[in-house]
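# Here's a sequence, model it:
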Amino acid sequence: MKQRSIRIFIAAAALLSTALASAADNPAFRLAAIFSGDWQGTTPGNNLRIRSTSLSTDPQHQYDLFFEVSGKYQEDHVRLQGVMRFDPEGIDVLVTYVPHFDPTVTGLSPNADVFTDQEARSACGVNFKPRGDGFTSETLGSSCALAIRGATTKWTIEAEPGSLRLRDAKTGETMRFKRVSK
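Model prediction:
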C-alpha cells in the first residue's frame with residue numbers, strides 16, 4: 001500500500017510540474033502574472049493604486065484578471081474597473097479590456113464577467129510583444145476612449161516583473177507603477 005501511495009504521489013508531482021512548465025512557457029500566462037497583484041503609482045502626482053485579481057470563470061480564458069484603478073492622478077480622481085482578458089497570438093498576447101461602468105461591480109461580484117451592451121461595445125484591445133523579461137505595447141489612441149476616460153492619444157506600455165510604465169507617445173508624459181504585493 002505504501003509503495004502504491006508513493007507511485008501516485010510521484011505521478012501527480014510529474015503532472016503538476018509539466019502543467020506548471022507549460023503555463024510558464026505560455027505568453028498569456030506570463031503577461032497576466034506580471035499584471036496581477038497590487039500596484040502603486042511612483043511618479044510625481046500619480047497617487048493611483050491598481051489591483052488585479054484572478055477571475056477564472058471561463059475555462060477558455062483562465063488568465064483573466066479583474067482590474068481596478070482608483071485614486072488621484074494630478075488633480076483628477078480616477079476610478080475604473082473591468083476585466084482584462086489575455087489571449088495568446090503566437091508569441092504575442094492580445095489583451096482586451098472590458099470596462100464595468102457600474103462602480104458596485106467588483107472581482108467578487110457574481111456578475112463580474114457579465115457586461116452590458118454598452119460595456120461590451122466599449123472594450124478595447126492592445127497587442128503586447130515580448131521584450132526582455134517583460135512585454136511592450138502601444139495603444140491605438142482613441143480606440144480606448146470609451147473604456148478608459150481620457151485615453152485619446154497613443155500610449156506605450158511596458159510591463160515587466162515588478163514595474164509598469166505608461167508613456168504618452170506624443171507628450172512624453174510618463175506614469176510609473178511598482179508592485180507592492182502579489
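
# Could you use CA atoms for every contact and neighbour count after this?
Noted.

# Compute the number of surrounding residues for Gln118.
13 (other C-alpha atoms under 10 Å).

# Let's verify it: helix, strand, or coil?
helix (DSSP: H, G, I helix; E, B strand; the rest coil).

# quick one: pLDDT of it?
Listed pLDDT for Gln118 reads 91.

# For the most centrally placed residue in the chain, give its distance to Asp133.
Taking C-alpha atoms, centre = their mean, the centroid of the chain lies closest to Phe35, which sits 4.5 Å from it. Applying C-alpha to C-alpha, to the nearest Å, the value for Phe35 to Asp133 is 13 Å.

# sorry, back to before: what sits against the spatially closest residue to the residue nearest to the centre of the chain that is not a sequence neighbour?
Distance criterion C-alpha to C-alpha, 6 or more residues apart in numbering; nearest residue to Phe35, sequence neighbours excluded, is Ser52 at 6.7 Å. Going by C-alpha atoms under 8 Å, 6 or more residues apart in numbering, Ser52 touches 35-38, 65-68.

# could you redo the last one with a cut-off of 6 Å?
36-37, 65-67 (C-alpha atoms under 6 Å, 6 or more residues apart in numbering).

# again with Val93
Shown in contact with Val93 (C-alpha under 6 Å, 6+ apart): 28, 87, 127-128.

# In strands only, show me these.
87, 127-128 (DSSP state E).

# So which of those is the closest to Asp58?
Asp87 (12.5 Å; C-alpha to C-alpha).

# Name the residues linked to the spatially closest residue to that closest one that is not a sequence neighbour by a beta bridge.
If the residues on either side of it in the chain are set aside, Asp87 comes closest to Leu94, at 5.1 Å by C-alpha to C-alpha, 6+ apart. On the basis of DSSP bridges, Leu94 is bridged to Asp87, Asn127.
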